[in-house]
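> Requesting a structural model of the entry that follows:
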Amino acid sequence: MEGQRSLGAATATAAVRRALLRSVALFAAGVLLFVAACLTDAAIDDQRATLLTDGVRVPGVVVAVVDRTRHTSGSIDVRFAVDGQERVRTLTLLVPDPPIRAGDPITLTYDPADPERLATAQAGTDPPFALTAVELATTMAAVGLTAAGTILIARWSRRLIATRRHGWRPGTATADAPLVRVCLDVAPHTEVIIDTGRSRPHPGRVLLGGAAGGAVLVYPNRRPIPGRELSTPN
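Below you'll find the model as predicted:
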């Protein structure tokens with residue numbers, strides 16, 4: 001088997017290093033998505049600022065107030081007129097101070113091209129659904145990728161350090177997921193049991209690197225599998 005003959009310590013170390021680089025790339029992607037989410041949030045704020053600056057101002061009155069809770073934003077219902085037609089609309093409360101009460105006069109600004117877009121100094125209509133959905137999706141993806149990247153960077157950094165400290169040991173693996181029994185090519189033969197967690201190891205020739213909680217298996221296909229050394233029976 002050419003793949004087995006070419007699998008050496010340098011090749012196995014390179015496989016672990018690539019896994020670490022992929023983890024770094026995953027973390028970087030999460031950071032970039034955080035930036036994208038912040039830019040989307042800034043775009044929402046810019047839209048509201050532009051509306052307050054360039055929109056049509058009309059007087060109105062607050063007809064109802066819903067206080068904010070731990071899980072929801074507060075809101076106000078406002079009555080105003082556009083082209084002589086009276087309307088009542090609900091605005092999300094963005095700035096709670098000073099407090100707004102029913103009956104308070106209020107100055108509203110609306111978009112002449114879309115009178116349903118309203119803003120005041122303390123409240124405004126919700127941004128377009130598509131923009132909100134993009135912000136939510138990028139934020140959730142950023143959290144997931146950053147968290148996963150952080151965990152994987154720690155995992156593969158630990159194993160790269162462990163392999164440099166303890167080296168690589170060739171052997172033959174007998175897989176019984178999630179446990180792998182590795183019979184090392186030493187005299188007398190030593191068997192090491194590795195817990196690979198959710199990974200799917202397979203039997204065959206393998207290089208075992210690191211030790212204890214920093215163990216890693218590398219197969220001839222260059223696929224590294226992180227593991228934890230459970231025991232080394234005599």
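> ok, for residue 13, nearest residue in space, not its chain neighbours?
Distances taken as Cβ to Cβ, 6 or more residues apart in numbering place residue 163 nearest to residue 13, at 5.9 Å, with adjacent residues excluded. Glycine gets a C-beta too; all of them are placed from N, C-alpha and C.
> Strands of this protein, residue ranges please.
Assigned by DSSP state E, the strands in the chain fall at 56-66, 75-82, 85-93, 105-111, 114-119, 123-124, 168-176, 179-184, 190-195, 204-209, 215-218, 224-231.
> Surely residue 216 and residue 226 touch.
Yes - contact status for residue 216 versus residue 226: in contact at 5.5 Å, counting by Cβ atoms under 8 Å.
> Which elements pack onto the top helix by length along the chain?
As assigned by DSSP state H, the longest helix anywhere in the chain is helix 9-54. Using 3 or more Cβ pairs under 8 Å, 6 or more residues apart in numbering; DSSP states H and E, the elements in contact with helix 9-54 are strand 105-111, strand 114-119, helix 129-166, strand 168-176, strand 204-209, strand 215-218, strand 224-231.
> avg pLDDT for it?
The average pLDDT within helix 9-54 is 91.
> repeat for stretch 226-234
On average, stretch 226-234 scores 73.
> low-confidence ranges in this structure?
By pLDDT under 70, the weakly predicted segments of the chain are 1-6, 187, 231-234.
> Just the C-alphas of stretch 112-129, formatted as CSV.
Extracted in CSV, the C-alpha atoms of stretch 112-129 (Å, rounded to 0.1, in the frame of the first residue of the first chain):
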residue,chain,number,x,y,z
PRO,A,112,-42.9,60.5,1.9
ALA,A,113,-42.4,57.6,-0.4
ASP,A,114,-43.5,55.1,2.2
PRO,A,115,-45.6,56.8,5.0
GLU,A,116,-45.5,53.5,6.9
ARG,A,117,-41.9,54.1,7.8
LEU,A,118,-41.9,56.3,10.9
ALA,A,119,-39.4,57.5,13.4
THR,A,120,-39.2,59.8,16.4
ALA,A,121,-36.3,60.7,18.6
GLN,A,122,-37.1,57.7,20.8
ALA,A,123,-38.9,55.2,18.7
GLY,A,124,-39.4,53.9,15.2
THR,A,125,-41.0,51.3,13.0
ASP,A,126,-39.2,48.0,12.7
PRO,A,127,-36.6,47.8,9.9
PRO,A,128,-37.4,45.8,6.7
PHE,A,129,-37.8,42.1,7.5
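> ok, and for that stretch, which residues are buried?
Using 16 or more other Cβ atoms under 10 Å as the test for burial, stretch 112-129 gives 115, 117-120, 122-125, 127.
> so how far is residue 58 from the residue of the chain positioned farthest from its centre?
Going by Cα atoms, centre = their mean, the residue of the chain most distant from its centre is residue 84, 49.0 Å out. Remark: distance between residue 84 and residue 58 (Cβ to Cβ, to the nearest Å) = 11 Å.
> that older thread, can you pick out the most distant pair from the buried residues of stretch 112-129?
115 and 122 (19.5 Å; Cβ to Cβ).
> one step back: test my guess that the residue nearest to residue 13 contacts residue 209.
Yes - using Cβ under 8 Å as the test, residue 163 is close enough to residue 209 to be in contact (3.8 Å).
> one step back: now the residue farthest from the centre of the chain. Its backbone dihedrals?
phi 80, psi 0 (degrees, to the nearest 10).
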